[in-house]
Structure formats: structure tokens, C-alpha cells
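Engineer: show me how the following folds:
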Amino acid sequence: MVKIAPSILSADFCNLERDIRRVSTADWLHVDVMDGAFVPNLTIGVPVVASIRKHTEMFLDVHLMIDKPVRYVEQFCKAGADLLSVHLEADHPTRIADALHAMEANGVKKAVALRPITSAKAVLPYIEQLDMVLVMTVEPGFGGQKFMESQLDTIREVRALIDKYNPACELEVDGGIAPGTAEQVIEAGATVLVAGSAVYGAEDPAKAIELLRGSAS
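Structural biologist: Alright, predicted model coming up:
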């Protein structure tokens with residue numbers, strides 16, 4: 001069954017504990033970390049992830065949209081992340097490998113993320129050791145953007161690589177996910193859907209989560 005990971009980027013940060021409870025029927029909680037360098041926005045850091053960990057038992061899917069992420073991997077692991085995604089565009093390949101090794105050493109699931117400009121083949125050096133690949137269907141940095149249909153081809157290509165080299169690997173899609181686009185990305189091979197506005201912008205977030213789950217049927 002497809003997993004739903006609401007993004008707290010669309011939550012009310014003054015009422016974050018409340019808004020995490022509102023999506024407690026989801027499978028994962030998606031936490032977007034932005035540094036103002038790799039992407040043109042600032043969000044949250046290690047202390048907030050540590051605080052979230054104290055108040056929920058949900059699986060924390062932490063998406064590092066930061067430059068040279070290996071510098072902070074151990075800190076986010078210790079803060080309570082269950083899975084970390086690092087962008088392949090954020091550092092030299094050897095340093096991305098170092099970041100993945102640091103996740104492994106800290107017992108945290110490992111993922112790489114792709115911006116829309118990045119080829120699916122960029123995952124090949126890492127694919128056999130990954131727990132997840134994240135394909136962005138918007139430019140990372142801001143919530144509420146329009147879904148990029150051109151990324152469906154990338155999702156299909158990543159799906160084929162996963163099926164060939166590491167069938168247990170999850171394929172997450174993030175950006176512009178709503179019931180209509182959810183059907184498209186699931187058909188293309190996604191197994192985890194990140195949704196911010198579609199969940200937190202709904203009158204009933206739990207119902208919105210079920211609607212996204214229903215897109216797989």
C-alpha cells in the first residue's frame with residue numbers, strides 16, 4: 001500500500017504539536033529542512049527535529065535541502081530522524097557517499113533526492129545501498145508549487161532502476177501532490193507520497209490523507 005507523508009512545511013508552526021496530531025493517521029511525517037543556500041528559503045534545523053521527536057512516535061522522514069549535508073547528518077540522526085534524504089546536487093559524489101555512510105553508522109534509513117534538473121541515472125552509484133529515492137516534482141524550496149508533469153518520466157526511470165537493482169527501495173515523490181496528481185505518480189511507480197497543501201489546506205486532514213491513499217486503488 002502507498003504511504004502518505006504530510007509535509008509540516010504547510011503546518012502552522014505556532015501550533016506544530018497540534019498540527020502533527022492532526023495528521024497522525026498518516027504513515028510518515030515529512031520534515032523539510034532548508035538552509036537558504038542550497039534553496040532560497042530557510043525553515044527549521046536540528047533543535048526543532050529533536051522537539052518533534054519528543055512529541056510524536058511517527059516515522060520522521062527528514063528531507064535535507066542543505067548544502068554539503070554530510071556536515072549535519074549525525075546531528076539530525078541523533079535528533080531523532082528515522083530517514084534522511086540528501087540531494088545529489090548538494091555536494092561532490094564522494095561526500096554524498098560519506099553522508100550515506102554516516103546514516104548507516106547511526107542506524108538511520110538512507111535516501112537520495114533529485115531536483116527536476118537531475119537525471120534518474122544519477123542514483124546509479126548509490127542505488128543498491130538506498131532505502132529510498134526521492135524525486136522532486138517541483139523545484140525544492142517552497143510549498144504550494146504546481147506539479148511538473150515532465151517529472152513523470154523521471155519517476156518511471158527511477159522505478160525501473162529500483163526494480164532492477166534494489167526492489168526493496170521506496171520511491172518517494174514530493175511536489176504538487178493532490179488526488180489527481182497522486183494517481184499519476186503512483187501509476188509511474190511511486191510508493192510514498194509527500195503532500196503539504198493538499199493535507200493541511202483541507203478542512204479535514206485525515207480525510208485528505210484517505211483520499212490520497214485511495215488514489216492507489
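
Engineer: CA only for contacts and neighbour counts going forward, please
Structural biologist: Fine.

Engineer: beta-bridge partners for the spatially most central residue of the chain, please?
Structural biologist: The centroid of the chain falls nearest to H63 when counting by C-alpha atoms, centre = their mean (5.1 Å). Note on H63: beta-bridge partners D32, S85, judged by DSSP bridges.

Engineer: my read: it touches V31, true?
Structural biologist: Yes - contact criterion C-alpha atoms under 8 Å: H63 and V31 qualify, at 6.0 Å.

Engineer: buried residues in stretch 28-39?
Structural biologist: Neighbour counts using 16 or more other C-alpha atoms under 10 Å place W28, L29, H30, V31, D32, V33, M34, D35, F38, V39 of stretch 28-39 among the buried residues.

Engineer: and it, average pLDDT?
Structural biologist: Averaging pLDDT along stretch 28-39 yields 95.

Engineer: contacts for it, please.
Structural biologist: 3-9, 20, 41-45, 49, 58-67, 90, 140-141, 194 (C-alpha atoms under 8 Å, 6 or more residues apart in numbering).

Engineer: and if you look at stretch 197-213?
Structural biologist: So stretch 197-213 is contacted by 2-4, 6, 10-11, 22-26, 143-144, 177-179, 182 (C-alpha under 8 Å, 6+ apart).

Engineer: and it, average pLDDT?
Structural biologist: 95.

Engineer: re the thing from before, and the buried residues of stretch 28-39, which of them are in strands?
Structural biologist: Secondary structure defined by DSSP state E assigns W28, L29, H30, V31, D32, V33, M34 of the buried residues of stretch 28-39 to strands.
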